[in-house]
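In: using only what follows, build the 3D model:
(chains A and B)
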Number of protein chains: 2
Amino acid sequence: MIFVGERINTGFKDIKQAVMDKDPKPLQRWARDQTAAGATYLDVNLGAVSTKPEDMCWMIETVQAAVDTPISIDSNKPAILAEAIKVCNKPPLINSSTASQEKMDVFLPIVVECGGSVIGLSMDDAGAPKSADMRVEKAGMFLATAMEHGITPDRVFLDPIVMPLKFMQDQAKEILEAARQFLLFSDPAPHIICGLSNVSNGTTHKKLINRIFLTMLINNGADAAICDVMDTDLVHAALTAELVMNREIYADSYI
Amino acid sequence: MIFVGERINTGFKDIKQAVMDKDPKPLQRWARDQTAAGATYLDVNLGAVSTKPEDMCWMIETVQAAVDTPISIDSNKPAILAEAIKVCNKPPLINSSTASQEKMDVFLPIVVECGGSVIGLSMDDAGAPKSADMRVEKAGMFLATAMEHGITPDRVFLDPIVMPLKFMQDQAKEILEAARQFLLFSDPAPHIICGLSNVSNGTTHKKLINRIFLTMLINNGADAAICDVMDTDLVHAALTAELVMNREIYADSYI
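Out: Numbering: from 1, shown residues only, chains lettered A, B, ... in the order given. Alright, predicted model coming up:
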């Protein structure tokens, strides 16, 4: 399972304050804690705090001074991405591009330049997808275009776009069905990822819903999630689901 | 979700002793507790304690004196079943028949006679199935034969035969794939059930493995399980999975 730790994001107050104060400690504590909890990548998101590439570069360099976990650069701004990739010690995960031609024309060359991986959202400028079919069409477009740029499927993470269960309950099945079809695009298949926390938005049982939805998504082929890696129950659920899928060999001590 | 409470079984010491002593209290306590926990059926299993139909009838009548939850008659002995159906106050679930012609010839008329439902195992005299294809073949045979007897798919519970993850890890994916194909047999589809606890046999994290496997099986179409309904985390996992499948309408108070 590929876990992308979601916590180094200025959407959280402590990170926002730390970026404004250029205080490395909160970022480095979350970097260490998430790495210890099993994060494969650390997502780094500057959010609306600044539009300056050097602020994103400061965040990445601060994290890298504490751990050697690869970075997921969470930005939709080409100017920021272009600078951020230069300071990454390891090939980063670019988070993310839509499947619109305009976006792919800009983002995919950046992925090629840094030798990293990329999250492709199954949507374009027309907005959020409503059906499994629409997701499959957009994700297929993204994967094909990435491959034309020489980016192999093992460097592509397709995202079926998770919607809140509470407000768009009928979308959950569409998302699961889309993931199952993404698996068929290529052999070996691309990675399948989701921004998990959105599924439980506004609900009273967030952690339960997160781990049940991730379990079902793994059953349909997902091998990655941007999520709260500090949620031990979530991590255990995902590891168990991978055992059931026969992706890891059973041992009594598997968690 | 259809939960079949597994606890009134002489495989458990307290039930074995109670049946030998004809002490109604342990059976009635488990009948009430499992019903309160959400059991749709109460499985009643005489096991090897006795071969007398009247002992099974005593168990059923004892349970029915405490609760009005329908009974799942857990026996592969036609002589016991033939008497047991006569004392059931509500149409029972017959647990179970294999797909061998000889077994179906005996069991299906009993199901017709009592107007109940039946669990059809996806195996025949050749023994436990090794692949999804084999399970689909046997389950399809069972459903077709049941329908020839006038038993509609809503009274048929197909069981893909759950194997222990620890000892037969590659079987889990086969079981899940079989369930997904069972869904396609008819419209409306038959029920899909499993004897859940077997999946975690011999493991160190039984409850975790039970609930993750059940979640994945629900994702593939299962709507029933013979399980420990007193395991609150398991019940919550199943109810959440049903929300994701859009089978129940979301409410903040859904568990």
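In: so what's the closest residue to residue A:88 other than its chain neighbours bridging to?
Out: In space, and not counting its chain neighbours, residue A:88 is closest to residue A:71: 5.3 Å by C-beta to C-beta, 6 or more residues apart in numbering or on different chains. No exception for glycine: its C-beta is placed from N, CA and C like everyone else's. Beta bridges link residue A:71 to residue A:42 when assigned by DSSP bridges.
In: do stretch A:246-255 and chain B meet?
Out: Yes. In terms of C-beta under 8 Å from any C-beta of the partner chain, part of stretch A:246-255 sits within range of chain B, namely A:246, A:249-250, A:252-255.
In: straight-line length of that stretch, end to end?
Out: Stretch A:246-255 stretches 15 Å from its first residue to its last (C-alpha to C-alpha, to the nearest Å).
In: tell me where the stretch 101-250 of chain A has helices.
Out: Chain-ordered helices for the stretch 101-250 of chain A, with DSSP state H, counting those that start in this stretch as the definition, fall at A:101-114, A:132-148, A:171-182, A:206-219, A:232-244.
In: can you name the residues of the stretch 51-200 of chain A that neighbour chain B?
Out: A:165-166, A:169-170, A:172-173, A:176.
In: go through the helix or strand where residue A:83 lies and flag the buried ones.
Out: Per DSSP states H and E, residue A:83 falls inside helix A:78-87. Neighbour counts using 16 or more other C-beta atoms under 10 Å in any protein chain shown place A:80-81, A:83-85, A:87 of helix A:78-87 among the buried residues.
In: can I get those residues in TSV including pLDDT?
Out: Formatted as TSV, those follow (pLDDT from 0 to 100):
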residue	pLDDT
A:80	97
A:81	97
A:83	98
A:84	98
A:85	98
A:87	98
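In: re the thing from before, does the residue nearest to residue A:88 touch residue A:95 like I think?
Out: No. Contact criterion C-beta atoms under 8 Å: residue A:71 and residue A:95 do not qualify, at 9.6 Å.
In: the more surrounded of those two?
Out: residue A:71 (31 against 26; other C-beta atoms under 10 Å in any protein chain shown).
In: state the distance from that one to residue A:63.
Out: Residue A:71 sits 7 Å away from residue A:63 when distances are taken as C-beta to C-beta, to the nearest Å.
In: now for these two: what residues contact both?
Out: A:42, A:44 (C-beta atoms under 8 Å, 6 or more residues apart in numbering or on different chains).
In: excluding covalently adjacent residues, which one is nearest to residue A:151?
Out: residue A:111 is the one closest to residue A:151 (C-beta to C-beta, 6+ apart), at 5.8 Å.
In: so how many other residues sit close to that neighbour?
Out: Other residues close to residue A:111 by other C-beta under 10 Å number 26.
In: isn't it right up against residue A:155?
Out: Yes. Contact criterion C-beta under 8 Å: residue A:111 and residue A:155 qualify, at 7.3 Å.
In: who touches both of these two?
Out: Going by C-beta under 8 Å, 6+ apart, residues that sit against residue A:111 and also against residue A:155 are A:117-118, A:146.
In: closest one of the buried residues of helix A:78-87 to chain B?
Out: residue A:81 (33.7 Å; C-beta to the nearest C-beta).
In: identify the residue nearest residue A:141 in space, chain neighbours excluded?
Out: Counting by C-beta to C-beta, 6+ apart, the residue nearest residue A:141 is residue A:99, at 4.7 Å.
In: tell me the contacts of the one you found?
Out: A:120-124, A:138-139, A:141-142, A:145.
In: and it, what helix or strand is that in?
Out: With DSSP H and E as the test, residue A:99 turns up in no helix or strand.
In: how close does it get to chain B?
Out: 25 Å (C-beta to the nearest C-beta, to the nearest Å).
In: contacts only, for the one residue in the stretch 51-200 of chain A that gets nearest to chain B.
Out: Chain B sits closest to residue A:172 of the stretch 51-200 of chain A, with a gap of 4.6 Å, by C-beta to the nearest C-beta. Neighbouring residues of residue A:172 by C-beta under 8 Å, 6+ apart: A:163, A:165, A:199, A:213, B:243-246.
In: again, only using 6 Å
Out: Residue A:172 sits next to A:165, B:244 when contact means C-beta atoms under 6 Å, 6 or more residues apart in numbering or on different chains.
In: what of residue A:189?
Out: residue A:183.
In: phi, psi of it?
Out: For residue A:189, the backbone dihedrals (degrees, to the nearest 10) come out as phi -70, psi 160.
In: whichever strand or helix holds residue A:96 - contacts with which helices or strands?
Out: Element membership for residue A:96 (DSSP H and E) is strand A:93-97. Contacts defined by 3 or more C-beta pairs under 6 Å, 6 or more residues apart in numbering or on different chains; DSSP states H and E place strand A:93-97 against strand A:71-74, helix A:101-114, strand A:117-121.
In: mind listing the strands the last one pairs with, and their directions?
Out: Taking DSSP bridges as the criterion, strand A:117-121 forms sheet pairs with strand A:93-97 (parallel), strand A:156-159 (parallel).
In: now do the longest one against helix A:132-148, angle only.
Out: Going by axes from the mean of the first three to the mean of the last three C-alpha atoms, to 10 degrees, strand A:93-97 is angled at 130 degrees with respect to helix A:132-148.
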